[in-house]
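Engineer: predicted model follows, preceded by the sequence.
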There are 2 protein chains.
Amino acid sequence: MKQESRKQEIVNAAAILFKEKGYSAVTMRDLATAMGIKAASLYNHIQSKQEILSTIIIELAEEFTDGMNQIVSSDRSSIQKLENIISLHIDVTLRNADGLASLNNDWMHLEEDNLLYFEKMRQDYEDNFRQIVKKGVDMNEIKSNNIEIIVFSTLSTLRTLYLWYPKQKNIDANILKKDMISVLLQGVV
Amino acid sequence: MKQESRKQEIVNAAAILFKEKGYSAVTMRDLATAMGIKAASLYNHIQSKQEILSTIIIELAEEFTDGMNQIVSSDRSSIQKLENIISLHIDVTLRNADGLASLNNDWMHLEEDNLLYFEKMRQDYEDNFRQIVKKGVDMNEIKSNNIEIIVFSTLSTLRTLYLWYPKQKNIDANILKKDMISVLLQGVV
DNA sequence: CGACAAAACTAACGATTGTTAGTTTTATAC
DNA sequence: GTATAAAACTAACAATCGTTAGTTTTGTCG
């Protein structure tokens, strides 16, 4: 794997631009300017604009998938699993908030196999989430008003963390986890 | 105002396409094809692609601003005001879910005055929201863990309604309001 | 049927897009 | 100091973009 470092710099710079204007509105010349080079030079390190997008999104989607699979296969209570999911989202967000903008807003611009692969991962993730909530309701750990609304409102908040967290100054990850768990689960338990 | 009806058809068709691929990825030829005409014919009814976007977004933003102003100037309790805000979001979402996609994801492609106008409305909206929560905490109506997190998580959910609501089948607006109020405020009160 | 306006059309423009080919510069190792 | 590879460059391409100008079709009313 040669050029891995320079490629990663390009991908990181692209994630910032994609966050600001979206994938389609960012040109290779915009990205080159941000890197301080010419557009043609980018192609010494990457194969296409599309490769940049899929590198950003697929890596993050696999992080979520792996994290969810570990949580699902653990023998914790439903409430503890939900706490772990919240913690997972915060960890990923702190590590790569810029990339999450692309995952949330530009996944539909993935092509062919990567689009199908992503859509399957996202569907499986939501299904796992829903199953955990449902199990919690069945076990009387969670008092349910409406399972679908709980799943939707919790996931909406976690998915939007990437926008909110950077505006908070010097927030501690563990305090954030505790507060998010409190706010998201207090109305549920 | 001539051609108002045909223009509205174009704006509505554009909102659907913008929701699917984002403003930048939708071409005037895409929009024309969706309307069953040629791209040049669009310009008998609209002035520019940008005008379509601002028509969609500014109208919706003003709806939210007007609704919020009425709620702020009412003499209800903080909890009741929050319930009214939830109700406002649901009403707007049921009426124009497609347009809300542009408001949420493509506002940054507004130009000049419209961009500034939108950003001010959004900032004022969030400030009003935050003030209502803060007042509720001061009056002991709301037990606060963290005001910022409550504002953020509630707004995240309400803003994402446009994605979730169309996937629910034949959901009744009043039942939805009751359930959303229950889920969003139960952990707060 | 003829007049008139609404709404479609054809054709084309200048600008910008992602990308390629070939060349030159820069940095590293012997 | 020369060889080698990494990484930049210039120049240009075919395609597509939003948009304009001018023309023709469609529909309505007397």
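Structural biologist: Thanks, I have the structure now.
Engineer: from here on, contacts and neighbour counts on C-alpha atoms
Structural biologist: Noted.
Engineer: grab the nearest non-local neighbour of A:Val151.
Structural biologist: A:Arg130 (6.2 Å; C-alpha to C-alpha, 6 or more residues apart in numbering or on different chains).
Engineer: what number of residues lie near A:Ile142?
Structural biologist: A:Ile142 sits with 19 neighbouring residues when counted by other C-alpha atoms under 10 Å in any protein chain shown.
Engineer: state which helix of chain A is the longest.
Structural biologist: Using DSSP state H, we find that the single longest helix of chain A is helix A:112-138.
Engineer: touching DNA strand C at all, that one?
Structural biologist: No. Taking C-alpha under 7 Å from any atom of the strand as the criterion, helix A:112-138 and DNA strand C are apart, separated by no less than 14.0 Å.
Engineer: could you do stretch A:7-25 as well?
Structural biologist: Yes. In terms of C-alpha under 7 Å from any atom of the strand, part of stretch A:7-25 sits within range of DNA strand C, namely A:24-25.
Engineer: thinking again about what came up before, okay, buried residues for the longest helix of chain A please.
Structural biologist: Within helix A:112-138, the residues that qualify as buried by neighbour count (16 or more other C-alpha atoms under 10 Å in any protein chain shown) are A:114-115, A:118, A:121-122, A:125-126, A:128-134, A:136-137.
Engineer: list the helices and strands it packs on?
Structural biologist: Using 3 or more C-alpha pairs under 8 Å, 6 or more residues apart in numbering or on different chains; DSSP states H and E as the contact criterion, the neighbours of helix A:112-138 among helices and strands are helix A:49-72, helix A:78-95, helix A:147-164.
Engineer: DNA strand D contacts on chain A?
Structural biologist: In this structure, chain A approaches DNA strand D at residues A:2-3, A:6, A:36-42, A:44-45, judged by C-alpha under 7 Å from any atom of the strand.
Engineer: so of the residues you listed, which ones are in helices?
Structural biologist: A:Arg6.
Engineer: A:Ser144: which of the residues of chain A next to DNA strand D is nearest?
Structural biologist: Compare each of these with A:Ser144 using C-alpha to C-alpha and the shortest gap goes to A:Arg6, at 49.6 Å.
Engineer: residue contacts, that closest one?
Structural biologist: A:His45 (C-alpha atoms under 8 Å, 6 or more residues apart in numbering or on different chains).
Engineer: any low-confidence regions in chain A?
Structural biologist: For chain A, residues meeting the criterion pLDDT under 70 lie at A:1-4, A:187-189.
Engineer: from what I can see the residue nearest to A:Val151 touches A:Ile149, true?
Structural biologist: No. In this structure, A:Arg130 sits apart from A:Ile149 without contact. The criterion is C-alpha atoms under 8 Å, and the distance is 10.4 Å.
Engineer: remind me which helix or strand the spatially most central residue of chain A belongs to.
Structural biologist: Computing the C-alpha centroid of chain A and ranking residues by C-alpha atoms, centre = their mean puts A:Leu100 first, at 4.6 Å. Here A:Leu100, judged by DSSP states H and E, is contained in helix A:97-105.
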